[in-house]
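Undergrad: This is a predicted model, with the sequence first.
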Amino acid sequence: MSDLKLFVPEQIKTTGRRSDKISAQIKECLANELTKGNFPILPGHETESILPTAITITYVNLSPDLRNAMIYFMPLGGIKRDECFKFLKLQSYHFKNVMAKKLRLKFMPSIAFKLDESFDYSEKIESLINEI
């Protein structure tokens, strides 16, 4: 048994309970705002200020100091990904404003959006399994 080498990670990153609660609140707040659809029309970006398709917020990843939030999203059906990304990027100030009004935090995290590619990855794995 002494020759058995188990994988033991040097440092396991765990999220705190507060971080989990705040990410859930951010996710809920953004999902509600996307459902309402009341977005400001930005001058010079009239066409990009309109929501191209329904968007699902899949995950919110907060930094340990709670000052940065990476928000993962997926458009409905996986279509119009670039348009949705442009829309979210343009409306990020509006989303941060809404979060500041609804969440009671000492520091409001800066937000960035990223397309959630886990659905594509799971479809690829499923197709590989089905080939076998």
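TA: Great, that's in hand. Remember, it's a predicted structure, so these values are computed and weren't measured experimentally.
Undergrad: CA atoms for contacts and neighbours, from now on please.
TA: Fine.
Undergrad: now the strands for the chain?
TA: Here the chain has its strands, by DSSP state E, at 55-62, 68-75, 110-115.
Undergrad: of all these, which lies closest to Ile26?
TA: Nearest to Ile26 among those is strand 55-62 (7.4 Å), distances taken as C-alpha to C-alpha.
Undergrad: Tell me which strands that closest one pairs with, and in which orientation.
TA: In the sheet containing strand 55-62, its partner strands are strand 68-75 (antiparallel), by DSSP bridges.
Undergrad: And the strands of the chain: which comes nearest Ser92?
TA: strand 110-115 (7.0 Å).
Undergrad: Adjacent strands (with direction) for that closest one?
TA: Strand 110-115 has its sheet partners listed here by DSSP bridges as strand 68-75 (parallel).
Undergrad: Alpha carbons only: can I get the partner strand in CSV?
TA: Provided in CSV are the C-alpha atoms of strand 68-75 (Å, rounded to 0.1, in the frame of the first residue of the first chain):
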residue,chain,number,x,y,z
ASN,A,68,-15.3,41.1,-10.0
ALA,A,69,-18.1,39.0,-11.4
MET,A,70,-17.9,36.8,-14.5
ILE,A,71,-21.4,36.2,-15.7
TYR,A,72,-21.9,33.1,-18.0
PHE,A,73,-24.8,33.2,-20.4
MET,A,74,-26.4,31.2,-23.2
PRO,A,75,-28.9,32.5,-25.8
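Undergrad: Distance from the chain centre to that strand, please.
TA: Offset of strand 68-75 from its chain centre (C-alpha atoms, centre = their mean, to the nearest Å): 2 Å.
Undergrad: same deal with stretch 55-72?
TA: Put simply, stretch 55-72 sits 5 Å off its chain's centre (C-alpha atoms, centre = their mean).
Undergrad: Please consider this matter closed, and thank you.
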